[in-house]
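Chemist: only the shape, not the letters, is given here:
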Ligand SMILES: Nc1ncnc2c1ncn2[C@@H]1O[C@H](COP(=O)(O)OP(=O)(O)O)[C@@H](O)[C@H]1O
Ligand SMILES: [Mg+2]
């Protein structure tokens, strides 16, 4: 018992401390949203670095995800003679789950890691300390543009991921399941027509809300890991690793709870 | 102008400062020498409010340095410059933007005024060219000089130098020392310098101190300290002279 509680404490204490630090970073960032006008340029730089540059990978992966969904769901549906419904199945899976989650996982691997490495390197080379000494607001200068950029880019990339995924599914439906492409698209769109909020179908907006929250969370984890980097190059490696690991865990856990909130 | 009163600091079990006392008057220059890892940078970090003493008091410009009072600390830091051991230039900003950064971030001066100020300090450290270069594209000695320009651009009253000669060839090291001396003589700058170079110490020090085991072993005019009979001081400085 003693052993278990001690092990638990040594494992949990750093996790709780990390989470607390990350929440502090998030809070300080939100408190500085009004600095945005003067951080415009940094924001656009980060949107370019964080978003546009990961677009090819996001699109490539989404295309394959769409094809996989179509193939697997199509064959199952065909057993019940329901293969026409594959458009609906792919569209709903893509828009609600796979689009936002896969985009976020790719952003975690490519952008959160880059943020942790960049800021971590600045930390261990005392560049962050230099900013503090010069009375430069580190949150406003380094963190705000990164977090905001990813919060904006994640849903935008998700929209493209959804479209490409559905198109990928359609190609499989046409070539492997013998469906006609127009029918597939009509079926897919009908699945997304349960308008419920500002003219947006619930599947679509719930996916985009998720994507936005994922983008924010990933960037917070990336920046927080970087700011806590210690002990030279190995510290930067460790902070990069933990940024990717923690943001992927966070995406999966948030995905469950957000799904539950929207659909119940 | 700068005062440390009975300052203690430990990191876990490691006692780094153990009742350190010293004072630096306006326009004066204190140079601290001591073994690597003994806590010299820790002294400088206390002066600029990056670390908080466990016990004792740090006073700068007549105020107690309180790292929890953000606003007072910021105001104090406006009057202080810090030259980092490894320059700590922002790696993705050009030389010009690095030096302009403190002005852009903490004042509302126009770009035109900023340009004038930046060009002045870059001239002072003889770095008029290379405005558009990135820190990674210039030599260590040039990075040090840009770091110095950045520390000077807000016209501080006090400047803290952490191993200004580290990683530089003897010629460049001597030229930095001369620059530090000129700043003191021409601008009346007060300074605290940490260095491993006896020649740097002799060039810039009014007071030379040898620091070990959390305290000054000796402090006084450089010639006195260099000729001291204190056995530990003798072996340490003797080794530094070789
Ligand atoms: N923020 C810190 N946290 C923990 N230990 C520190 C910290 N800063 C310095 N130290 C430790 O204090 C000692 C003195 O460091 P430092 O002042 O950098 O030495 P130096 O005299 O070479 O400048 C070192 O052992 C270092 O590991
Ligand atoms: Mg040091």
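Modeler: All right, it came through fine. Bear in mind the structure is a predicted one, so any value in this text is a computation, not a measurement. Numbers count the residues shown, from 1 in each chain, chains lettered A, B, ... in the order given. Ligands and ions are numbered 1, 2, ... in the order given.

Chemist: now do the helices in the stretch 51-200 of chain A.
Modeler: Taking DSSP state H, counting those that start in this stretch to define them, one finds helices in the stretch 51-200 of chain A at A:55-79, A:86-92, A:99-107, A:113-124, A:127-133, A:138, A:144-175, A:181-191.

Chemist: dump the ones you listed to TSV, plus mean pLDDT.
Modeler: TSV is the format used below for these (pLDDT from 0 to 100):
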stretch	mean pLDDT
helix A:55-79	94
helix A:86-92	91
helix A:99-107	96
helix A:113-124	94
helix A:127-133	94
helix A:138	94
helix A:144-175	95
helix A:181-191	88
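
Chemist: so which of those comes closest to residue A:215?
Modeler: Nearest to residue A:215 among these is helix A:144-175 (2.7 Å), distances taken as Cβ to Cβ. Just so you know, the C-beta spots here come from the backbone N, C-alpha and C atoms, and that holds for glycine as well.

Chemist: and the angle for the closest one with helix A:113-124?
Modeler: 160 degrees (axes from the mean of the first three to the mean of the last three Cα atoms, to 10 degrees).

Chemist: now helix A:144-175, how far from the centre of its chain.
Modeler: Put simply, helix A:144-175 sits 11 Å off its chain's centre (Cα atoms, centre = their mean, to the nearest Å).

Chemist: just stretch B:6-17 next, same as before
Modeler: 21 Å.

Chemist: any idea of the mean pLDDT in that stretch?
Modeler: Regarding stretch B:6-17, the rounded mean pLDDT is 94.

Chemist: could you list the paired strands of the helix or strand hosting residue B:210 along with their orientation?
Modeler: Per DSSP states H and E: residue B:210 is located in strand B:207-212. Sheet pairing of strand B:207-212 (DSSP bridges) gives strand B:29-33 (parallel), strand B:215-220 (antiparallel).

Chemist: pick the most deeply packed of those.
Modeler: strand B:29-33 (a mean of 25; mean count of other Cβ atoms under 10 Å in any protein chain shown).

Chemist: chain center to that one: distance?
Modeler: Strand B:29-33 sits 9 Å away from the centroid of its parent chain (Cα atoms, centre = their mean).

Chemist: ok, that strand near ligand 1 or not?
Modeler: No - Strand B:29-33 stays clear of ligand 1 (Cβ under 6 Å from any ligand atom), getting no nearer than 8.7 Å.

Chemist: can you report how many residues lie near residue 40?
Modeler: Assuming you mean chain A. Neighbours of residue A:40 under the rule other Cβ atoms under 10 Å in any protein chain shown: 10.

Chemist: try again with chain B
Modeler: Based on other Cβ under 10 Å, the number of other residues close to residue B:40 is 25.

Chemist: host element of the closest residue to residue A:107 other than its chain neighbours?
Modeler: In this structure, residue A:107 finds its nearest non-sequential neighbour in residue A:218, 5.6 Å apart by Cβ to Cβ, 6 or more residues apart in numbering or on different chains. Per DSSP H and E: residue A:218 is located in helix A:202-227.

Chemist: helices and strands around that helix, which ones?
Modeler: Helices and strands touching helix A:202-227, by 3 or more Cβ pairs under 8 Å, 6 or more residues apart in numbering or on different chains; DSSP states H and E, are helix A:2-30, helix A:99-107, helix A:113-124, helix A:144-175, strand A:195-197, helix A:232-263.

Chemist: residues in contact with stretch A:221-235?
Modeler: A:18, A:21-22, A:25, A:108, A:111-124, A:128, A:138, A:142-143, A:146-147, A:236, A:238-240, A:242-243, A:246-247, A:250 (Cβ atoms under 8 Å, 6 or more residues apart in numbering or on different chains).

Chemist: which of those residues are buried?
Modeler: For these, a burial check counting by 16 or more other Cβ atoms under 10 Å in any protein chain shown picks out A:18, A:22, A:25, A:108, A:111-124, A:128, A:138, A:142-143, A:146-147, A:236, A:238-240, A:242-243, A:246-247, A:250.

Chemist: residue B:125: which of the strands paired with strand B:207-212 is closest?
Modeler: strand B:29-33 (17.9 Å).

Chemist: which secondary structure state does the residue of the stretch 151-264 of chain A found nearest ligand 1 sit in?
Modeler: For the stretch 151-264 of chain A, the residue closest to ligand 1 is residue A:230, as judged by Cβ to the nearest ligand atom, at 8.5 Å. Recorded secondary structure, residue A:230: coil (DSSP: H, G, I helix; E, B strand; the rest coil).
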